[in-house]
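Student: Generate a structure from the sequence data that follows.
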Amino acid sequence: MIEHLTAETFKQKVFNYADNKEWKYEGDIPCMIDFYADWCQPCKMVAPVLEELQKEYDGKIVIYKVNTESERELAGVFGIQSIPSLLFVPKDEQPQMAMGALPKETFVKAINDVLKVA
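Tutor: Numbering: from 1, shown residues only. Here you go, the predicted model:
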């Protein structure tokens with residue numbers, strides 16, 4: 001099951017943007033964050049793909065979801081303009097953002113190349 005983050009849990013598990021100016025990932029393994037909204041059709045298309053990836057990469061990556069409607073502050077911190085937007089967060093490098101309903105192969109490539117998970 002993919003965990004939904006609030007601004008508070010995001011600060012604990014991903015990045016405490018209130019205290020840190022420089023990026024510092026709080027997690028132990030790489031993660032992906034899906035910024036979405038319930039009314040967004042492309043977001044609904046991506047959701048089952050993310051569920052599959054969560055199962056396939058269990059223990060290697062964590063996938064989180066952030067509802068941009070209820071977490072407007074968090075969406076604002078990352079300048080989310082369009083959804084779905086996915087933030088790929090490697091363990092020790094800068095995160096990278098991807099936008100749109102991407103096919104599963106693209107997610108797998110990003111997990112391998114950006115998150116360094118095979």
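Student: Please make it C-alpha for all contacts and neighbour counts, starting now.
Tutor: Fine.
Student: The protein: strands as residue ranges?
Tutor: According to DSSP state E, the chain carries its strands in the segments 3-4, 31-36, 62-67, 85-89, 96-99.
Student: Quick one: closest of those to Phe15.
Tutor: Nearest to Phe15 among those is strand 85-89; the distance by CA to CA comes to 10.0 Å.
Student: quick one on the thing from earlier: reformat the strands of the chain as JSON lines; add mean pLDDT, mean neighbour count and distance to Tyr25.
Tutor: Formatted as JSON lines, those follow (pLDDT from 0 to 100; neighbours: other CA atoms under 10 Å; distance: least, CA to CA, whole Å):
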{"stretch": "strand 3-4", "mean pLDDT": "96", "mean neighbour count": "13", "distance to Tyr25": "17"}
{"stretch": "strand 31-36", "mean pLDDT": "98", "mean neighbour count": "25", "distance to Tyr25": "10"}
{"stretch": "strand 62-67", "mean pLDDT": "98", "mean neighbour count": "21", "distance to Tyr25": "13"}
{"stretch": "strand 85-89", "mean pLDDT": "97", "mean neighbour count": "22", "distance to Tyr25": "8"}
{"stretch": "strand 96-99", "mean pLDDT": "95", "mean neighbour count": "14", "distance to Tyr25": "13"}
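Student: Include distance to Glu73 when you put those into CSV, please.
Tutor: Converted to CSV, these look like this (distance: least, CA to CA, whole Å):
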stretch, distance to Glu73
strand 3-4, 15
strand 31-36, 12
strand 62-67, 11
strand 85-89, 15
strand 96-99, 17
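Student: right, and Asp28 touches Asp92 too?
Tutor: No: taking contacts as CA atoms under 8 Å, Asp28 lies outside contact range of Asp92: 9.8 Å.
Student: Report the angle between the longest helix seen in the chain and strand 31-36.
Tutor: Ranked by residue count, the top helix of the chain under DSSP state H comes out as helix 41-56. Here helix 41-56 runs at an angle of 160 degrees relative to strand 31-36 (axes from the mean of the first three to the mean of the last three CA atoms, to 10 degrees).
Student: Show me which residues of helix 41-56 are buried.
Tutor: Cys43, Val46, Ala47, Val49, Leu50, Leu53, Gln54 (16 or more other CA atoms under 10 Å).
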